[in-house]
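Q: I'd like to go over a predicted model; first the sequence, then the structure.
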Amino acid sequence: MKDTSSQFIAGIIPARYASTRFPGKPLAIIGGKTMIERVYSQARKALELVYVATDDERIYNAVAGFGGSAVMTSDKHQSGTDRCAEAVGVIEKLTGKKTDIVINIQGDEPFIKPEQIRQLVSCFSEPSVDIATLVKKITPGENLFNPNHPKVVIDLNGNALYFSRSVIPFVRDADEDKWLLKHVFFRHIGLYAYRTVVLENITRLPRSPLETAESLEQNRWLENGFRIRTAVTEFDSFSIDTPADLQKAEELFGEFS
(Lines give C-alpha, C1' and ligand atoms only; values in the text may rest on other atoms or scores of the structure.)
Protein backbone atom coordinates (compact mmCIF):
# COMPACT_ATOMS: atom_id res chain seq x y z
CA MET A 1 0.00 0.00 0.00
CA LYS A 2 1.18 3.53 -0.75
CA ASP A 3 0.39 6.73 1.13
CA THR A 4 -1.43 9.15 -1.18
CA SER A 5 -0.52 12.21 0.92
CA SER A 6 2.68 12.73 -1.04
CA GLN A 7 0.85 12.75 -4.36
CA PHE A 8 -0.41 15.97 -5.94
CA ILE A 9 -4.18 15.64 -6.32
CA ALA A 10 -6.44 18.00 -8.25
CA GLY A 11 -10.21 18.03 -7.98
CA ILE A 12 -11.80 19.22 -11.23
CA ILE A 13 -15.48 20.08 -11.64
CA PRO A 14 -16.49 20.14 -15.33
CA ALA A 15 -19.29 22.67 -15.85
CA ARG A 16 -20.85 23.69 -19.13
CA TYR A 17 -23.64 26.16 -19.71
CA ALA A 18 -25.33 24.65 -22.77
CA SER A 19 -27.16 21.68 -21.27
CA THR A 20 -29.96 20.39 -23.53
CA ARG A 21 -32.39 19.61 -20.72
CA PHE A 22 -31.41 22.43 -18.38
CA PRO A 23 -29.40 25.30 -19.91
CA GLY A 24 -27.34 27.23 -17.40
CA LYS A 25 -27.87 24.73 -14.60
CA PRO A 26 -24.47 25.34 -12.89
CA LEU A 27 -25.82 28.81 -12.06
CA ALA A 28 -29.17 27.56 -10.73
CA ILE A 29 -29.83 28.69 -7.16
CA ILE A 30 -30.14 26.18 -4.31
CA GLY A 31 -30.62 27.56 -0.83
CA GLY A 32 -29.41 31.00 -1.83
CA LYS A 33 -26.21 29.86 -3.59
CA THR A 34 -25.45 28.67 -7.11
CA MET A 35 -25.22 24.94 -7.65
CA ILE A 36 -21.60 25.22 -8.77
CA GLU A 37 -20.69 26.98 -5.52
CA ARG A 38 -22.33 24.23 -3.49
CA VAL A 39 -20.43 21.52 -5.38
CA TYR A 40 -17.20 23.47 -5.06
CA SER A 41 -17.64 23.98 -1.32
CA GLN A 42 -18.29 20.28 -0.74
CA ALA A 43 -15.21 19.32 -2.78
CA ARG A 44 -12.98 21.75 -0.87
CA LYS A 45 -13.86 19.95 2.36
CA ALA A 46 -11.98 16.93 1.01
CA LEU A 47 -9.35 18.41 -1.32
CA GLU A 48 -6.95 21.31 -1.02
CA LEU A 49 -6.86 21.98 -4.76
CA VAL A 50 -10.20 22.30 -6.61
CA TYR A 51 -10.87 23.96 -9.95
CA VAL A 52 -14.01 24.42 -12.01
CA ALA A 53 -13.38 23.69 -15.70
CA THR A 54 -15.88 25.53 -17.87
CA ASP A 55 -16.48 26.75 -21.41
CA ASP A 56 -18.57 29.75 -20.41
CA GLU A 57 -17.49 33.11 -19.01
CA ARG A 58 -20.68 33.42 -16.95
CA ILE A 59 -19.75 30.30 -14.98
CA TYR A 60 -16.10 31.38 -14.77
CA ASN A 61 -17.12 34.78 -13.37
CA ALA A 62 -19.56 33.22 -10.92
CA VAL A 63 -16.81 30.99 -9.52
CA ALA A 64 -14.43 33.93 -9.23
CA GLY A 65 -17.22 35.86 -7.52
CA PHE A 66 -17.45 33.43 -4.60
CA GLY A 67 -13.64 33.16 -4.32
CA GLY A 68 -13.23 29.85 -6.14
CA SER A 69 -10.72 28.82 -8.79
CA ALA A 70 -11.69 28.21 -12.40
CA VAL A 71 -10.10 27.63 -15.79
CA MET A 72 -11.54 28.12 -19.27
CA THR A 73 -11.69 25.10 -21.60
CA SER A 74 -12.93 24.35 -25.10
CA ASP A 75 -16.64 24.19 -25.91
CA LYS A 76 -16.03 21.18 -28.17
CA HIS A 77 -15.65 18.51 -25.47
CA GLN A 78 -18.04 15.56 -25.61
CA SER A 79 -17.67 14.56 -21.95
CA GLY A 80 -16.56 15.78 -18.56
CA THR A 81 -13.58 13.42 -18.80
CA ASP A 82 -12.37 15.19 -21.94
CA ARG A 83 -12.79 18.56 -20.24
CA CYS A 84 -10.78 17.36 -17.23
CA ALA A 85 -7.95 16.24 -19.51
CA GLU A 86 -7.62 19.72 -20.98
CA ALA A 87 -8.04 21.44 -17.63
CA VAL A 88 -5.30 19.48 -15.88
CA GLY A 89 -2.72 20.84 -18.30
CA VAL A 90 -3.84 24.40 -17.58
CA ILE A 91 -3.82 23.76 -13.83
CA GLU A 92 -0.28 22.36 -13.96
CA LYS A 93 0.89 25.53 -15.69
CA LEU A 94 -0.85 27.69 -13.08
CA THR A 95 0.47 25.75 -10.07
CA GLY A 96 3.86 24.78 -11.46
CA LYS A 97 3.29 21.25 -10.17
CA LYS A 98 2.82 17.93 -11.92
CA THR A 99 -0.58 16.46 -11.06
CA ASP A 100 -0.53 12.78 -10.06
CA ILE A 101 -4.26 12.11 -9.62
CA VAL A 102 -7.35 13.88 -11.00
CA ILE A 103 -10.73 13.64 -9.26
CA ASN A 104 -13.59 14.29 -11.69
CA ILE A 105 -16.41 15.75 -9.57
CA GLN A 106 -19.83 16.03 -11.16
CA GLY A 107 -20.92 19.67 -11.38
CA ASP A 108 -24.59 18.83 -10.94
CA GLU A 109 -24.37 17.00 -7.60
CA PRO A 110 -24.55 19.72 -4.91
CA PHE A 111 -24.90 17.18 -2.09
CA ILE A 112 -21.73 15.24 -2.83
CA LYS A 113 -20.20 14.01 0.41
CA PRO A 114 -16.54 14.82 1.21
CA GLU A 115 -16.29 11.25 2.53
CA GLN A 116 -17.02 9.95 -0.98
CA ILE A 117 -14.17 11.99 -2.45
CA ARG A 118 -11.77 10.81 0.27
CA GLN A 119 -12.84 7.21 -0.32
CA LEU A 120 -12.06 7.57 -4.00
CA VAL A 121 -8.63 9.03 -3.25
CA SER A 122 -7.85 6.13 -0.92
CA CYS A 123 -8.17 3.69 -3.83
CA PHE A 124 -4.85 5.01 -5.14
CA SER A 125 -2.95 3.77 -2.10
CA GLU A 126 -2.53 0.70 -4.32
CA PRO A 127 0.00 1.51 -7.07
CA SER A 128 -1.79 -0.82 -9.52
CA VAL A 129 -4.98 1.30 -9.52
CA ASP A 130 -5.23 3.54 -12.59
CA ILE A 131 -8.92 4.54 -12.54
CA ALA A 132 -11.40 4.46 -9.66
CA THR A 133 -15.11 5.07 -9.23
CA LEU A 134 -17.85 4.54 -6.64
CA VAL A 135 -20.71 2.05 -6.51
CA LYS A 136 -23.61 1.60 -4.12
CA LYS A 137 -25.59 -1.49 -3.23
CA ILE A 138 -29.12 -1.41 -4.61
CA THR A 139 -31.55 -1.95 -1.76
CA PRO A 140 -35.14 -3.27 -1.69
CA GLY A 141 -37.53 -0.53 -2.68
CA GLU A 142 -35.27 0.90 -5.36
CA ASN A 143 -36.15 0.49 -9.01
CA LEU A 144 -33.62 -2.11 -10.10
CA PHE A 145 -34.75 -1.83 -13.71
CA ASN A 146 -34.36 1.96 -14.17
CA PRO A 147 -32.10 2.40 -17.25
CA ASN A 148 -31.10 5.87 -16.04
CA HIS A 149 -29.30 4.24 -13.11
CA PRO A 150 -26.44 2.26 -14.66
CA LYS A 151 -25.53 -1.01 -12.99
CA VAL A 152 -22.05 -2.52 -12.66
CA VAL A 153 -20.72 -5.99 -12.00
CA ILE A 154 -17.38 -6.32 -10.24
CA ASP A 155 -14.79 -9.05 -9.81
CA LEU A 156 -13.53 -10.50 -6.53
CA ASN A 157 -10.82 -7.81 -6.32
CA GLY A 158 -13.29 -4.96 -6.67
CA ASN A 159 -12.53 -4.18 -10.31
CA ALA A 160 -15.40 -3.37 -12.64
CA LEU A 161 -16.20 -6.03 -15.23
CA TYR A 162 -18.95 -4.18 -17.11
CA PHE A 163 -21.38 -1.27 -16.85
CA SER A 164 -24.90 -1.53 -18.24
CA ARG A 165 -28.24 0.21 -18.25
CA SER A 166 -29.77 -3.26 -18.18
CA VAL A 167 -29.91 -5.29 -14.99
CA ILE A 168 -26.76 -7.41 -14.65
CA PRO A 169 -26.42 -10.20 -13.84
CA PHE A 170 -29.59 -12.00 -14.86
CA VAL A 171 -30.79 -14.12 -11.94
CA ARG A 172 -31.93 -17.44 -13.31
CA ASP A 173 -34.68 -19.47 -11.67
CA ALA A 174 -36.10 -16.54 -9.70
CA ASP A 175 -38.89 -14.05 -10.33
CA GLU A 176 -37.69 -10.51 -11.02
CA ASP A 177 -39.27 -9.15 -7.84
CA LYS A 178 -37.06 -11.57 -5.85
CA TRP A 179 -33.78 -10.75 -7.55
CA LEU A 180 -32.61 -8.33 -4.85
CA LEU A 181 -33.03 -11.13 -2.32
CA LYS A 182 -30.94 -13.54 -4.40
CA HIS A 183 -27.99 -11.38 -5.41
CA VAL A 184 -26.17 -8.16 -4.46
CA PHE A 185 -26.60 -5.61 -7.26
CA PHE A 186 -24.53 -2.44 -7.54
CA ARG A 187 -25.53 0.93 -8.98
CA HIS A 188 -22.83 3.16 -10.39
CA ILE A 189 -22.18 6.51 -8.71
CA GLY A 190 -20.70 8.79 -11.38
CA LEU A 191 -17.64 10.06 -9.55
CA TYR A 192 -14.30 9.21 -11.20
CA ALA A 193 -10.61 9.50 -10.41
CA TYR A 194 -7.66 8.80 -12.66
CA ARG A 195 -3.91 8.86 -12.61
CA THR A 196 -3.05 11.78 -14.88
CA VAL A 197 -1.13 9.73 -17.44
CA VAL A 198 -4.09 7.35 -17.73
CA LEU A 199 -6.52 10.26 -18.17
CA GLU A 200 -4.42 11.50 -21.06
CA ASN A 201 -4.48 8.06 -22.66
CA ILE A 202 -8.20 7.29 -22.33
CA THR A 203 -9.26 10.60 -23.85
CA ARG A 204 -7.32 9.76 -27.02
CA LEU A 205 -9.31 6.56 -27.55
CA PRO A 206 -12.04 6.50 -30.23
CA ARG A 207 -15.60 5.69 -29.20
CA SER A 208 -16.05 1.95 -28.77
CA PRO A 209 -18.93 -0.41 -29.64
CA LEU A 210 -20.04 -1.04 -26.04
CA GLU A 211 -19.76 2.64 -25.17
CA THR A 212 -21.94 3.51 -28.15
CA ALA A 213 -24.52 0.83 -27.37
CA GLU A 214 -24.92 1.76 -23.69
CA SER A 215 -23.97 5.46 -23.95
CA LEU A 216 -21.54 4.89 -21.07
CA GLU A 217 -18.01 6.16 -21.72
CA GLN A 218 -16.43 3.96 -19.02
CA ASN A 219 -17.08 0.90 -21.18
CA ARG A 220 -14.64 2.36 -23.72
CA TRP A 221 -11.91 2.17 -21.09
CA LEU A 222 -12.75 -1.42 -20.21
CA GLU A 223 -12.85 -2.44 -23.89
CA ASN A 224 -9.34 -1.06 -24.30
CA GLY A 225 -7.92 -3.03 -21.39
CA PHE A 226 -7.94 -0.41 -18.63
CA ARG A 227 -9.07 -1.56 -15.18
CA ILE A 228 -11.49 0.44 -13.08
CA ARG A 229 -11.30 -0.10 -9.33
CA THR A 230 -14.58 0.36 -7.47
CA ALA A 231 -15.22 1.37 -3.88
CA VAL A 232 -18.58 0.79 -2.21
CA THR A 233 -20.14 3.94 -0.76
CA GLU A 234 -22.99 4.03 1.73
CA PHE A 235 -24.06 7.46 0.49
CA ASP A 236 -26.44 8.00 -2.37
CA SER A 237 -26.05 10.64 -5.06
CA PHE A 238 -28.54 13.16 -6.36
CA SER A 239 -27.83 14.78 -9.69
CA ILE A 240 -29.79 17.73 -11.06
CA ASP A 241 -30.62 17.14 -14.70
CA THR A 242 -33.90 19.04 -15.10
CA PRO A 243 -35.74 22.01 -13.54
CA ALA A 244 -37.93 19.46 -11.74
CA ASP A 245 -34.80 18.03 -10.10
CA LEU A 246 -33.90 21.55 -8.97
CA GLN A 247 -37.22 21.86 -7.19
CA LYS A 248 -36.60 18.57 -5.43
CA ALA A 249 -33.11 19.76 -4.47
CA GLU A 250 -34.59 22.84 -2.82
CA GLU A 251 -36.87 20.56 -0.81
CA LEU A 252 -33.92 18.36 0.19
CA PHE A 253 -31.60 21.27 0.96
CA GLY A 254 -32.49 21.49 4.63
CA GLU A 255 -31.89 17.76 5.06
CA PHE A 256 -28.41 17.80 3.55
CA SER A 257 -27.20 21.18 4.85
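A: Nice, I can see it. Numbering: from 1, shown residues only.
Q: quick one: the strands in the stretch 151-257 of the chain?
A: In chain order, the stretch 151-257 of the chain shows strands spanning 151-154, 160-164, 186-195, 228-232, with DSSP state E, counting those that start in this stretch as the criterion.
Q: can I get those strands in a markdown table with mean pLDDT?
A: Conversion of the strands of the stretch 151-257 of the chain to a markdown table gives the following (pLDDT from 0 to 100):
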| stretch | mean pLDDT |
| --- | --- |
| strand 151-154 | 98 |
| strand 160-164 | 98 |
| strand 186-195 | 96 |
| strand 228-232 | 98 |
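Q: and the ones you listed, which is most packed in?
A: Among the strands of the stretch 151-257 of the chain, judged by mean count of other C-beta atoms under 10 Å, the one packed with the most neighbours on average is strand 186-195 (a mean of 22). All C-beta spots, glycine's among them, are computed from the backbone N, C-alpha and C.
Q: now for the strand or helix carrying Ile59, which elements pack on it?
A: Assignment of secondary structure by DSSP states H and E places Ile59 within helix 57-65. With contacts defined as 3 or more C-beta pairs under 8 Å, 6 or more residues apart in numbering; DSSP states H and E, the packing partners of helix 57-65 are helix 35-44, strand 50-54, strand 70-72.
Q: find the nearest non-adjacent residue to Ser215, please.
A: Distances taken as C-beta to C-beta, 6 or more residues apart in numbering put Arg165 closest to Ser215, at 7.7 Å, once the chain neighbours are dropped.
Q: which elements pack onto whatever helix or strand Ile91 lives in?
A: Counting by DSSP H and E, the secondary-structure element that holds Ile91 is helix 80-95. Using 3+ C-beta pairs under 8 Å, 6+ apart as the contact definition, the elements that helix 80-95 packs against are strand 9-15, strand 50-54, strand 70-72, strand 101-104, helix 196-202.
Q: pLDDT below threshold where in the stretch 151-257 of the chain?
A: Across the stretch 151-257 of the chain, the ranges flagged by pLDDT under 70 are 254-257.
Q: all helices of it, in order?
A: Across the stretch 151-257 of the chain, reading from the start of the chain, the helices by DSSP state H, counting those that start in this stretch fall at 179-182, 196-202, 209-214, 218-223, 243-256.
Q: now the residue located most distally from the centre of the chain: phi and psi?
A: Counting by C-alpha atoms, centre = their mean, the extreme residue of the chain relative to its mean C-alpha position is Asp173, 35.0 Å from that point. Phi and psi for Asp173, reported as degrees, to the nearest 10, are phi 60, psi 30.
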